[in-house]
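[1] A predicted structure for the sequence below; I have some questions about it.
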Amino acid sequence: MTTLLPGDAPLETYILAGGRSARFGSDKARAVLDHRPLIQRQAEHLRAGGCRVRAVARTVGAYADLGVDTIGDLEPDRGPVGGVRTALTHRGEGWALITSCDLLEISPAWIRELLAAVSDRFEAVAFRDDRWQPFPGLYHTRLLYRPEPWAHGSLQQLLDRAVTARLPAPRDPAIRQANRPDDLP
């Protein structure tokens, strides 16, 4: 899978893993699928596709034991919106692929679709069906300079207020998350 931005720079990628996993009952990032923790599976897959991968978690180094470089969430109690802001702040300048640790799969085709929609006129690129599917999604650091997308604390509202390229949500395979242990195959 080739997931490189123009100029052949690695695609800066952040896996959000800073939540409390209340519905799951334990750290979702460490839930095991195919004999590996979810976050480790995802990081390995993304690295194989040319991504530079980091996690955003409540504490620095939280997933170092799994080989995943981890930065601390700047806004640990703001949910995914805080994680996205942390990732973009860390990124510095440019596009970042942002995903969540509870995705069961990330198709290379999804990343290619997202990258194909990148344009200077957009601040984000995301899939949408009846609602936004914010992960995986591409987010540009330009978002940091506009207060209105961040005002309400919801990724749905952030993507509504940002200049977002809207792509049809994938169907085969569909985006699936593990919000509860029963969601694991």
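    Yes, it's here.
[2] so how far is residue 132 from residue 161?
    Counting by C-beta to C-beta, to the nearest Å, the gap from residue 161 to residue 132 is 11 Å. Bear in mind the C-beta positions are built from the backbone N, C-alpha and C, glycine included.
[3] List the pairing partners of the lowest-mean-pLDDT helix or strand in the chain within its sheet, with orientation.
    Lowest on mean pLDDT, DSSP states H and E among the helices and strands of the chain sits strand 32-33, with a mean of 91. Sheet pairing of strand 32-33 (DSSP bridges) gives strand 36-37 (antiparallel).
[4] After the partner strand, which helix or strand is next? Please name it.
    helix 38-48 (DSSP states H and E).
[5] which residues sit against that next one?
    1, 3, 13, 15, 17, 28-34, 36, 53, 55, 63, 66-68, 97, 99, 101-104, 106, 178 (C-beta atoms under 8 Å, 6 or more residues apart in numbering).
[6] Give me the buried entries from those.
    3, 13, 15, 17, 28-31, 53, 55, 63, 66, 68, 97, 99, 101-104, 106, 178 (16 or more other C-beta atoms under 10 Å).
[7] Looking at residue 134 now. What's its pLDDT?
    Looking at residue 134, its pLDDT is 96.
[8] so what's it closest to, chain neighbours aside?
    In space, and not counting its chain neighbours, residue 134 is closest to residue 155: 4.4 Å by C-beta to C-beta, 6 or more residues apart in numbering.
[9] Could you check how far the one you found is from residue 131?
    For residue 155 relative to residue 131 (C-beta to C-beta), the value is 10 Å.
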